[in-house]
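A.B. asks: no sequence for this one, just the structure:
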């Protein structure tokens, strides 16, 4: 009987740890590589820009290791240092229920750099309830109180995503960082050739601007 109780407690403890560790981004390495379709952030990350809106079209998708899945919801929005080493500064606070300030809807969630704890490699928010998630066809705006990106740092999008496992039709949840920017369409090669070198330079500048 004692062994059964011990095993039951162990199962409960493991389940509790799994739930708690999946709720927040513990580190930059928690975010796996992915690309998103019909998911957008506007505007792109930029110094002194405070408010960003995450929008999901009616059929948002995520591609992981070449396989595409349907997104069920977004539960976390983050700015990430692209290399996980260089840092940026972001100020923020919990997003609370306007009718009850003790009820946190989205929790301010950051990971500081070990050598410079006042700067971050991850900074954003995580939804605290299933009813606060961003669903397909909806959007959510997030406002930093300060946002500064050093010249030598690139900031990319990170999301906590729930997506449908194509085989079992169950929802899988994990953290992902956008490693392929699909929001800026490439100009056709024939057009670039026709317009010449100056147009190629402009297209290159646009890609660099939107990747920050």
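C.D. replies: Done, it's in. Keep in mind that this is a model prediction, so the values were computed, not measured. Numbering: from 1, shown residues only.
A.B. asks: could you use CA atoms for every contact and neighbour count after this?
C.D. replies: Fine.
A.B. asks: ok, residue 32 to residue 125 distance?
C.D. replies: Residue 32 sits 17 Å away from residue 125, going by C-alpha to C-alpha, to the nearest Å.
A.B. asks: now the element after the least confident helix or strand in the chain by mean pLDDT, going C-ward?
C.D. replies: Ranked by mean pLDDT, DSSP states H and E, the weakest helix or strand in the chain is helix 2-23, scoring a mean of 37. As assigned by DSSP states H and E, the chain's next helix or strand after helix 2-23 is strand 31-42.
A.B. asks: part of a helix, is residue 131?
C.D. replies: Yes: looking at residue 131 with DSSP: H, G, I helix; E, B strand; the rest coil, it is inside a helix.
A.B. asks: what ranges does the chain have for its strands?
C.D. replies: 31-42, 51-64, 67-81, 89-91, 95-97, 100-113, 116-127, 139-143, 146-148, 155-164, 171-178 (DSSP state E).
A.B. asks: worst average pLDDT in those strands?
C.D. replies: Mean pLDDT is lowest for strand 116-127 out of the strands of the chain, coming in at a mean of 89.
A.B. asks: residues contacting that one, please?
C.D. replies: The contact list for strand 116-127 (C-alpha atoms under 8 Å, 6 or more residues apart in numbering) reads 23-24, 27-28, 75-81, 84-90, 92, 94, 105-113, 133, 160.
A.B. asks: of those, buried ones?
C.D. replies: With neighbours counted by 16 or more other C-alpha atoms under 10 Å, the contacts of strand 116-127 contain buried members at 23-24, 28, 75-81, 84, 86-90, 92, 94, 105-113, 133, 160.
A.B. asks: how about the spatially closest residue to residue 50 that is not a sequence neighbour, phi and psi?
C.D. replies: The shortest distance from residue 50 to any non-neighbouring residue, by C-alpha to C-alpha, 6 or more residues apart in numbering, is to residue 144 (4.9 Å). Here is the backbone geometry of residue 144 (degrees, to the nearest 10): phi -80, psi 150.
A.B. asks: equivalent analysis for the one 5 residues further on, please.
C.D. replies: The phi and psi torsions at residue 149 (degrees, to the nearest 10) take the values phi -120, psi 120.
A.B. asks: hang on, the earlier thing: which residues touch the residue nearest to residue 50?
C.D. replies: Applying C-alpha under 8 Å, 6+ apart to residue 144 gives the contacts 50-51, 90-93.
A.B. asks: and of those, the nearest to residue 167?
C.D. replies: Using C-alpha to C-alpha, residue 51 comes nearest to residue 167 of the contacts of residue 144, at 37.5 Å.
A.B. asks: beta partners of the closest one?
C.D. replies: Beta-bridge pairing for residue 51 (DSSP bridges): residue 143.
A.B. asks: now it: how far from residue 141?
C.D. replies: Using C-alpha to C-alpha, one obtains 7 Å as the distance from residue 51 to residue 141.
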